[in-house]
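Asker: got a predicted structure plus its sequence, pasted below:
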Amino acid sequence: MTEAYLLILARDGRKFNLASKLMKMHQVKRVDITQGEYDIIAEIKAKNELKLNNIVRENIAKLGDVQLISPLIVKD
């Protein structure tokens, strides 16, 4: 199992809407709204790093309220 933390910058005024969408995704294990450079920290898990990257590119990045994602992949 591969785990990552995503630092997400939402479009202006959309962080709560984006957080709600992320919480509905079964790969997303935790969502926290933050203050500072990024709006959201999300924890995701996938079978392997390839699937994890696919989730970020094909699902999360295309949600519409996402401006920027900085993934931090946890290494064993």
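Answerer: Yes, it's here.

Asker: how far does the longest helix seen in the chain sit from the chain's center?
Answerer: Ranked by residue count under DSSP state H, the longest helix found in the chain is helix 15-23. Mean-position distance between helix 15-23 and its chain equals 10 Å (C-alpha atoms, centre = their mean, to the nearest Å).

Asker: can you give me the buried ones in it?
Answerer: Buried positions in helix 15-23, judged by neighbour count with 16 or more other C-beta atoms under 10 Å: 15, 18, 19, 21, 22. Using the backbone N, CA and C atoms, a C-beta is placed for each residue, glycine as well.

Asker: of all those, which comes closest to residue 46?
Answerer: residue 22 (14.4 Å; C-beta to C-beta).

Asker: what about the closest one, distance to residue 12?
Answerer: Distance, residue 22 to residue 12, by C-beta to C-beta, to the nearest Å: 18 Å.

Asker: could you do residue 37 as well?
Answerer: 15 Å.

Asker: what of residue 6?
Answerer: From residue 6 to residue 12 the distance is 19 Å (C-beta to C-beta).

Asker: of these two, which one has the most company?
Answerer: residue 6 (24 against 8; other C-beta atoms under 10 Å).

Asker: list the contacts for residue 60?
Answerer: 6, 8, 22, 25, 42, 44, 66, 69 (C-beta atoms under 8 Å, 6 or more residues apart in numbering).

Asker: equivalent analysis for residue 63, please.
Answerer: 18, 21, 22.
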